[in-house]
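In: build me a structure from this.
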Amino acid sequence: MKRLAFLFETKNKYSYPVTEHDFLLRCVPQERPHQHIVDMELDVNPLVTGGNFGIDSFGNRTYTGRLPRAHTFFSYCVRGTAVRDESMRKVCNDPLPIYSYASNLTRPSESLRRLFDSVLHTDNDLEQAQRFRVAVNQYMTYKAGVTNVRTTAAEAALRRMGVCQDFTHVFLALCRMRRIPARYVSGLPVGEGASHAWAEVWYQGRWYGIDATRNCPAGETYLVFCVGRDFSDCPIEQGVFWGYGMQSQEVYTKLEEISDAG
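Out: Sure thing, here's the model as predicted:
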């Protein structure tokens, strides 16, 4: 059992005022049997009138709002404490069938099939997913700036490099080629810097976190924000506005283990 303090802060700046700004945030950590949010505070600037918390079709907690007046910045910060306890993980309903099949960003390719065939296969799906994790970690090289949020698993596998979302997309593609239900996860690992992506695979009634980028399980030192078939289902921030000019963004995150809770 781990007690965690979390902080996620994003600052957007616009070189020219924008208006009619509609946004959707998925920076609110999920409440799960094994992830309890003890306390949380969300600050959005400029001040939003009539913002709403909700749940999207994947079960993610959301916050939506509108900023009609002209503004040159948009920032949000979520902070609080959470408890992660893997012993509280419960058997849940069967996963959505969509998690067993390729999505737009995880479609098979020749490079992915070669990687899939290079991995020794077993009848145990969870063990197989762990083998895929090791294979992806050894196959890919972490390098920022060579991919973007629209890069597919096929493109990342061909380049053999990318960031955490690319490692995760390649891993998801391999799992789904085997028909192992698997989903994309955005959130925070213990440490500071930026948000992170990993995967969860379904096995005998439970979801298990797997981090192909770091080649390790994603357990009690990881905080889940949102899930989906791939990145396009669960970006932490989405929005539209009227205006023109350049947009810049700064992100700072920190997840800190306070103590063993209990």
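In: and residue 106, how far is that from residue 175?
Out: Going from residue 106 to residue 175 by C-beta to C-beta, to the nearest Å gives 9 Å. Yep, even glycine has a C-beta here, placed from its N, CA and C like the rest.
In: quick check, central residue of this structure?
Out: With distances taken as C-alpha atoms, centre = their mean, residue 186 lies nearest the centre of the chain, 1.3 Å away.
In: does that one touch residue 232 like I think?
Out: No. In this structure, residue 186 is not within contact of residue 232 by C-beta atoms under 8 Å, at 11.5 Å.
In: which residues do the two both contact?
Out: Listed contacts common to residue 186 and residue 232 are nil; contacts here mean C-beta atoms under 8 Å, 6 or more residues apart in numbering.
In: for residue 10, what are its contacts?
Out: When contacts are counted by C-beta under 8 Å, 6+ apart, residue 10 touches 27, 75-77, 236-237, 249-251.
In: where does it sit: helix, strand or coil?
Out: Here residue 10 is recorded as strand under DSSP: H, G, I helix; E, B strand; the rest coil.
In: what do you get for residue 156?
Out: Here residue 156 is recorded as helix under three-state DSSP.
In: per-residue pLDDT, the residue lying closest to it once chain neighbours are set aside?
Out: The shortest distance from residue 156 to any non-neighbouring residue, by C-beta to C-beta, 6 or more residues apart in numbering, is to residue 166 (3.8 Å). pLDDT recorded at residue 166 is 98.
In: repeat for the one 4 residues further on
Out: The pLDDT attached to residue 170 in the predicted structure is 98.
In: again, but for the one 10 residues further on
Out: The score at residue 180 is 98. That number is its pLDDT.
In: just confirm it is within a strand.
Out: No. According to three-state DSSP, residue 180 belongs to no strand; its state is coil.
In: spit out the contact partners of it.
Out: By C-beta under 8 Å, 6+ apart, the neighbours of residue 180 are 100, 125, 128-129, 201-203.
In: change it to 10 Å
Out: 99-100, 125-126, 128-129, 132, 172, 174, 201-203 (C-beta atoms under 10 Å, 6 or more residues apart in numbering).
In: what do you get for residue 72?
Out: Neighbouring residues of residue 72 by C-beta under 10 Å, 6+ apart: 12-18, 46, 243, 245.
In: show the residue spans covered by the helices in this protein.
Out: 110-118, 125-139, 153-159, 164-177 (DSSP state H).
In: burial measure for residue 84, as a count.
Out: By the measure other C-beta atoms under 10 Å, the count of residues near residue 84 is 21.
In: which strand residues bridge it?
Out: residue 2, residue 35 (DSSP bridges).
In: residue 80 too?
Out: In beta-bridge terms (that is, DSSP bridges), residue 80 pairs with residue 6, residue 40.
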